[in-house]
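Novice: Build the 3D model from these lines:
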Amino acid sequence: MARTSIFLNQSPFTFNSHLQAMDYIRNLPTTELLERVFFYQDATLAGLKNQQPIQGQASIMELWQELASERGFALQSCIANSLRRGIFNEEEAQRYDRQANLADQFELTGLGEMAEAVISSDRIVQFPHIKPIEAPQSEAQDIDLLIHITSKPTLDLEPLELAMACAAFEQQVALVFSGEGLSWLIKNQAPQRPGGKAADKLIKALAMYDCDQVYFFTAKDNEQPDAELVNNVEQIPLQQSYALIAQSKHQLTF
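Specialist: Have a look, this model is predicted:
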């Protein structure tokens, strides 16, 4: 039986990716086992207990609870991302002297659960669903997780946290930066958050996790970026990014 995991990282109050994921789950064949839905970044807001939608509408929380009960899969919220957004289970509420407000059936988990998804799932489906670049599948899939970063650095640099966590569980992780994602690679940048870490410092630290496949490509092959980039990334032509996709078991885009 094929095993599937769902990955969400958008707010349920701003985007319809959660509803898209629910429709996808309802249409899954019985021959496919859904192991988990993993909520990351703003998607963790789905587990907030005190949701009050307008009259006549069910909350996103309730919709997830009903579907999880019906299909028997786990609702896993990244613990660090949840705490940053003020969402606490009973244990964390006691630890930080807060009120518990995590909805029933949702559980706070570490990124080790996402690493387990990389290991055990036959496929990880991300919503919003991004149609993968079509590339002929390689017989040797020596990359467990390919992370493609196309947007500017986030305050807490969550894509890199995910990469490091999966690499810590001995998964082969590769990262590719393009478009606005190149701004992660600029040398000597300031942290996005006061007291936080700068993106370029974490990029340099990837090698400590044996995560040494770090690449970028530009709109035109061999086009040089305007800013100076960190020195542990390799520029590749667009065509080579297709080869990386073909060599990877799972792909996520940020």
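
Novice: other SSEs contacting the lowest-mean-pLDDT helix or strand in the chain?
Specialist: Across the helices and strands of the chain, mean confidence by mean pLDDT, DSSP states H and E is lowest for helix 238-247: a mean of 90. The contact analysis (3 or more C-beta pairs under 8 Å, 6 or more residues apart in numbering; DSSP states H and E) places helix 238-247 against strand 143-149, strand 173-177, strand 213-216. Where you see a C-beta, it was placed from the backbone N, CA and C, and this is true even at glycine.

Novice: Please name the spatially closest residue to Q126 (chain neighbours excluded).
Specialist: F7 (4.6 Å; C-beta to C-beta, 6 or more residues apart in numbering).

Novice: Would you mind extracting the C-alpha trace of stretch 155-175 into PDB?
Specialist: What follows is stretch 155-175, C-alpha atoms only, in PDB (Å, rounded to 0.1, in the frame of the first residue of the first chain):
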ATOM      1  CA  LEU A 155      12.000  35.800   9.900                       C
ATOM      2  CA  ASP A 156      12.800  32.400  11.400                       C
ATOM      3  CA  LEU A 157      14.500  30.700   8.300                       C
ATOM      4  CA  GLU A 158      12.200  27.700   8.600                       C
ATOM      5  CA  PRO A 159      13.200  26.100   5.300                       C
ATOM      6  CA  LEU A 160      16.800  25.800   6.500                       C
ATOM      7  CA  GLU A 161      15.600  24.400   9.900                       C
ATOM      8  CA  LEU A 162      13.700  21.700   8.000                       C
ATOM      9  CA  ALA A 163      16.700  20.900   5.900                       C
ATOM     10  CA  MET A 164      19.000  20.600   8.900                       C
ATOM     11  CA  ALA A 165      16.500  18.500  10.800                       C
ATOM     12  CA  CYS A 166      16.200  16.000   7.900                       C
ATOM     13  CA  ALA A 167      19.900  15.900   7.400                       C
ATOM     14  CA  ALA A 168      20.400  15.200  11.100                       C
ATOM     15  CA  PHE A 169      18.300  12.100  10.600                       C
ATOM     16  CA  GLU A 170      20.800  11.000   7.900                       C
ATOM     17  CA  GLN A 171      18.600  12.000   5.000                       C
ATOM     18  CA  GLN A 172      20.300  13.300   1.900                       C
ATOM     19  CA  VAL A 173      19.100  16.800   1.500                       C
ATOM     20  CA  ALA A 174      19.800  19.200  -1.400                       C
ATOM     21  CA  LEU A 175      18.800  22.800  -1.700                       C
END
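
Novice: for the record, mean pLDDT for that stretch?
Specialist: Mean per-residue pLDDT for stretch 155-175: 96.

Novice: Kindly report the same for stretch 52-67.
Specialist: Across stretch 52-67, pLDDT averages out at 91.

Novice: What is the end-to-end distance of that stretch?
Specialist: 19 Å (C-alpha to C-alpha, to the nearest Å).

Novice: Report the buried residues of it.
Specialist: By 16 or more other C-beta atoms under 10 Å, the buried positions in stretch 52-67 come out as 59-61, 63-65, 67.

Novice: Equivalent analysis for stretch 201-211, please.
Specialist: With burial defined by 16+ other C-beta under 10 Å, the residues of stretch 201-211 counted as buried are 202-204, 206, 209, 211.
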